[in-house]
Structures are given as structure tokens and as C-alpha cells.
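A.B. asks: please work out how this folds:
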Amino acid sequence: MKVAKENSQIWSMAALSYFSAAALTIHLTSNGKDIATIWPANAILVALLLAEDRPRWTNVLSAGFIGGVAANYVMRGTLIGPVAFGLGNILEIWIAAICLRCETNRDGILQSTPAVARFIAMAGLTAPTLSGVIGAATACYVYGEPFWKSFSTWLASDSLGLLVFTPFFHAAFCGDFVVCFKSKSWLQRLEVLFLLAFVYVMTYWVFYISPYPAVFAIFLPLMLVTFRVGRLGTKAAVMLIAIIGGIATMNGYGPISRLFPGPVMQAQAFQAFLAVTLLICLPVSAEVTARTRLTAALAAHSQQMTLSAITDPLTGMLNRGGFEAELHKKALHRLNARISLIAIDLDHFKQINDRWGHHAGDQALKHLSSILASNTRALDIVGRIGGDEFMIALLDGDLELARAVGERVRNAARTSPLEIDDKIVTTISLSIGIASARPGETYQGIARRADRALYDAKNAGRNTIRSSA
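C.D. replies: Next comes the predicted model:
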């Protein structure tokens with residue numbers, strides 16, 4: 001029941017979306033007999049098929065066919081032509097979706113320059129060329145339009161429709177715009193909205209207000225969006241330009257209408273303008289995206305390498321270098337804080353290795369690390385200094401607090417049995433030495449006194465605490 005309801009909702013959405021886009025496009029860019037100047041309706045269904053992990057092919061394609069036939073019938077007034085146009089469009093959608101699904105599984109749409117080239121080849125040439133034969137034949141035999149003129153118009157309009165609108169609708173259906181918007185700060189969101197508004201205003205000015213053929217002015221905000229926002233911003237910006245410029249040109253406004261006589265040449269010139277815009281922006285956007293991903297990957301790798309350099313791989317705790325660096329960094333922010341060090345040594349560690357093997361020794365070190373993490377504060381620094389020796393730095397703790405923490409850790413070790421392969425084999429004990437910083441004393445000085453206290457504890461029979469006054 002739930003699946004049937006979902007299928008019904010998707011079918012209704014696909015049919016209504018396709019009908020609305022097709023009818024509006026025919027009304028704005030066609031005389032009712034010839035082929036529309038740009039055809040975004042197919043892009044909606046292609047994007048819908050790409051957005052689903054398991055696309056509902058029959059559901060979506062049948063909805064598109066019904067929606068397309070209905071739109072063509074309402075706008076053109078005949079039935080034979082709409083059915084034939086519908087078959088051509090469904091063939092184009094199927095071919096484009098099949099090809100592009102392989103692409104999204106590899107690099108994703110517009111993720112890299114090679115991906116853009118393959119996207120243009122599939123959506124801009126292969127699918128529209130094959131469907132264009134059906135569309136041009138229909139326009140020729142049903143409406144009396146010249147075949148080659150109709151074919152070239154179909155190829156251009158459907159190519160531009162898929163190239164301009166598929167990336168936008170795909171990102172919208174996948175939720176990329178919402179995710180991107182949420183990931184940005186309020187200042188970054190305002191920048192995105194401002195840049196897209198800049199594209200809108202400049203495009204409107206070029207096509208509706210400017211007395212000069214200043215088409216080149218559109219590329220300034222478009223490039224700003226490409227470099228500042230990335231590929232998602234480019235998708236939205238190109239779609240804005242296509243919608244505003246297309247409506248203006250078909251209604252006799254803008255530089256293209258003034259430069260070229262007749263609706264046919266105007267349509268072809270606008271198609272050429274959009275094609276140039278896409279060929280400029282899509283590779284640049286893909287390259288910016290690829291460089292952004294590379295920079296992020298390098299930063300993540302650098303962070304991982306830095307973390308590896310200061311982290312003990314066995315226990316996940318700071319190693320000696322990381323411990324000292326972290327103490328130095330945090331101590332700078334607590335100039336008047338009293339620092340205490342707790343030096344900890346695992347008693348009879350060699351016997352554990354000799355009796356149960358090195359695997360048991362590793363488990364004992366991990367077990368002790370877990371105890372230390374559970375019995376210290378977030379502001380304390382804990383590290384494995386070497387071998388079976390650990391160190392705790394209390395950034396705001398005197399000798400009394402250090403002793404209390406040491407006792408808590410020692411008791412926790414005695415009451416937490418060591419398990420090897422889910423079997424309790426022994427309990428561990430700790431020798432602990434503590435020292436609190438004297439006025440003007442360096443870390444090395446405190447550490448030496450804590451180490452001496454630790455050896456005093458071991459010489460006293462182990463499983464005890466000694467302090468350096």
C-alpha cells in the first residue's frame with residue numbers, strides 16, 4: 001500500500017511538472033507548429049530518474065508521455081503530432097538517463113572537467129540527436145515544417161534544455177541546495193543570495209533595459225558566482241539567465257532581438273549564446289569544484305598526518321611529543337594556573353607479556369588507557385610517554401588534587417580486571433609519582449621530579465603513590 005501510494009505521488013508529480021513545463025515552453029517559445037526554442041521539460045524527468053537509487057522507469061516515463069501529449073495537444077490542437085513528439089521525448093529521456101546514471105556512479109554530474117565533457121556528449125549530443133529524427137519527422141509530415149530546420153531546432157532546443165536544467169533539477173531533487181545552504185554561515189548565505197540577485201539584475205538589465213548589446217556584462221556576476229559559490233551556484237545562475245533571456249528574446253526584447261531579424265534567427269542566436277555560456281561556465285565550474293575537493297582532501301590528509309604524528313597508534317592517546325605540545329599550548333592560556341603532573345607506570349608489565357604474550361600486553365595498555373580517560377577531566381592532558389609509562393597533566397590542580405586523582409586511578413585499576421579475548425585473566429596495579437609546579441619551574445623540571453617520585457613508589461613495593469614536595 002505504501003509503495004503504491006509513493007508511485008502514485010511520483011507519477012502525479014512527474015506528469016504535472018512535465019505538462020506545466022512543456023505547455024509554458026510551447027506558449028513562450030513556439031508558434032504552435034514549429035519546435036520550441038528551448039525544452040526544459042525533459043530535464044525534469046531525467047533529473048528525477050538520476051536522483052533515485054532505484055528509479056521507477058515505467059512510472060516516470062509514462063507520466064512524462066501523458067503530460068507531454070496533453071501539453072502538446074492543448075497548445076497545438078492536434079493529437080497525431082503530440083503522440084509522435086511524446087515518443088521522441090521519452091526516447092531522449094530514457095537514453096539520457098541511462099547514460100548519465102553511469103556517469104553519476106563514476107564522477108557525478110559536473111564534478112570534474114572530463115565529467116563535464118561526457119555530460120555534454122551524452123545530454124547535449126547523443127540523446128537529442130536520436131530523438132531529433134522523430135521530432136523533425138513529426139514537424140515535417142504533420143505540421144509541414146522543413147525537416148532539417150526542424151531537426152536543427154530540436155537538437156539545439158533539447159540539448160540546451162538538458163544541459164541547462166538537468167544539473168539544477170538533479171541538485172534540487174537530491175537536496176544539494178538545502179545541504180549547501182545549511183552548511184554555510186549566515187554571512188555566506190547572504191553572499192550567495194546577493195550574487196544570485198546580482199545575476200538576475202544584470203541579466204534583466206541586459207535583456208530589458210540596456211540600449212546597448214551588452215551581453216558580455218552577464219559574465220561578470222556569472223563568474224563571481226562560479227568562483228565564490230561553486231557548481232551549485234553556477235547551475236542556478238545559468239538557469240536564471242536561460243529563463244530571463246529566453247522569455248525576453250521570444251517577446252522581442254534584448255540585444256539578440258535587435259541584432260537579428262525574424263524569430264527564427266533570434267531563436268538560433270539565443271541558442272548559440274546559451275551554448276557559449278555553457279561551454280565557458282561548465283568547465284570552469286567543474287575545475288573549481290575539482291580544485292575545492294582536492295584542497296579539502298589535502299587539508300584532511302594533512303590533518304590526519306599531523307594527528308598520526310602526535311598520537312600513539314595502540315592506545316589512541318597522545319604520544320610524548322603530542323603530550324608536551326598540548327601542554328605547552330594549553331599552559332600559555334593559563335599563565336597563573338598551577339600545573340601538576342602524575343607519572344604512572346604499569347606494575348609487572350613484562351610478566352604480563354611473558355605469561356600471556358604481547359597481545360595481552362597490548363590489551364593491558366589499552367585497558368589502562370580506558371581507565372585514565374574515564375577518571376580524568378576534559379581539560380586534563382593524558383598521554384602515553386613510552387612503553388608502559390603514562391602521564392597526566394592537571395592544568396588547574398595542586399598537589400592535593402593530584403594525589404586524589406592518582407588514588408582514584410589506582411583504585412580503578414585494581415577493581416577493573418583485565419580481560420584477554422573476553423576472559424578475565426588478572427588485575428593490574430599501578431605505581432604513581434606526582435609533582436606540583438614550583439614558581440618559575442619548567443615542564444622538564446616538574447617531569448623529572450614526578451619521575452623520581454614514581455621510582456620511589458616502585459622501590460616502596462609498587463601499587464602505591466609517592467609525591468615530590
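
A.B. asks: only C-alpha atoms for contact and neighbour calcs from this point on.
C.D. replies: OK.

A.B. asks: how about the helices in the stretch 1-150 of the chain?
C.D. replies: Listed in chain order, the helices of the stretch 1-150 of the chain (DSSP state H, counting those that start in this stretch) span 2-29, 41-51, 57-76, 80-106, 113-121, 127-143, 147-174.

A.B. asks: just the CA trace of the fifth one, in PDB.
C.D. replies: Output in PDB follows, covering the C-alpha atoms of helix 113-121 (Å, rounded to 0.1, in the frame of the first residue of the first chain):
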ATOM      1  CA  THR A 113      36.200  18.600 -16.400                       C
ATOM      2  CA  PRO A 114      36.100  15.100 -18.000                       C
ATOM      3  CA  ALA A 115      32.700  14.600 -16.400                       C
ATOM      4  CA  VAL A 116      31.500  17.900 -18.000                       C
ATOM      5  CA  ALA A 117      32.800  16.700 -21.400                       C
ATOM      6  CA  ARG A 118      30.900  13.400 -21.100                       C
ATOM      7  CA  PHE A 119      27.800  15.200 -19.800                       C
ATOM      8  CA  ILE A 120      27.800  17.500 -22.900                       C
ATOM      9  CA  ALA A 121      28.400  14.500 -25.200                       C
END
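
A.B. asks: which helices and strands does it pack with?
C.D. replies: helix 80-106, helix 263-310 (3 or more C-alpha pairs under 8 Å, 6 or more residues apart in numbering; DSSP states H and E).

A.B. asks: 7 Å - rerun?
C.D. replies: Helices and strands touching helix 113-121, by 3 or more C-alpha pairs under 7 Å, 6 or more residues apart in numbering; DSSP states H and E, are helix 263-310.

A.B. asks: got the angle between the helix it packs on and helix 147-174?
C.D. replies: 30 degrees (axes from the mean of the first three to the mean of the last three C-alpha atoms, to 10 degrees).

A.B. asks: before we move on, the earlier item: tell me which of the helices of the stretch 1-150 of the chain is the most buried.
C.D. replies: Neighbour counts (mean count of other C-alpha atoms under 10 Å) averaged over each of the helices of the stretch 1-150 of the chain peak at helix 41-51, with a mean of 26.

A.B. asks: could you give the mean pLDDT of it?
C.D. replies: Averaging pLDDT along helix 41-51 gives 90.

A.B. asks: for the closest residue to L346 other than its chain neighbours, what are its contacts?
C.D. replies: Distance criterion C-alpha to C-alpha, 6 or more residues apart in numbering; nearest residue to L346, sequence neighbours excluded, is L430 at 5.0 Å. Residues in contact with L430 (C-alpha atoms under 7 Å, 6 or more residues apart in numbering) are I344, D345, L346, D347, R410, R462, N463, T464.

A.B. asks: how about a cut-off of 6 Å?
C.D. replies: With contact set as C-alpha atoms under 6 Å, 6 or more residues apart in numbering, L430 has these partners: D345, L346, D347, R410, N463.

A.B. asks: which one of the residues you listed sits closest to E389?
C.D. replies: Of all the contacts of L430, the one with the least separation from E389 (C-alpha to C-alpha) is D345, at 4.6 Å.

A.B. asks: which parts of stretch 418-435 are buried?
C.D. replies: Neighbour-count burial for stretch 418-435 flags L418, I420, I428, S429, L430, S431, I432, G433, I434, A435 (criterion: 16 or more other C-alpha atoms under 10 Å).

A.B. asks: ok, which pair from those residues is furthest apart?
C.D. replies: Longest span within those, C-alpha to C-alpha: I420 and A435, 33.6 Å.

A.B. asks: so for A23, what's the pLDDT?
C.D. replies: 86.

A.B. asks: just checking, it touches A71?
C.D. replies: Yes. Between A23 and A71 there is a contact under C-alpha atoms under 6 Å: 4.9 Å.

A.B. asks: helices along the stretch 301-450 of the chain, start to end?
C.D. replies: For the stretch 301-450 of the chain, helices defined by DSSP H, counting those that start in this stretch occupy the ranges 320-332, 349-356, 358-374, 399-414, 443-459.

A.B. asks: tell me the mean pLDDT over the third one?
C.D. replies: Averaged over helix 358-374, pLDDT sits at 91.

A.B. asks: now do the last one
C.D. replies: Confidence for helix 443-459, expressed as mean pLDDT, is 92.

A.B. asks: measure how it sits relative to helix 320-332, angle-wise.
C.D. replies: 120 degrees.

A.B. asks: if we can go back for a sec, as CSV, the contacts of L430 with neighbour count would be great.
C.D. replies: Converted to CSV, the contacts of L430 look like this (neighbours: other C-alpha atoms under 10 Å):
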residue, neighbour count
D345, 25
L346, 21
D347, 19
R410, 22
N463, 19
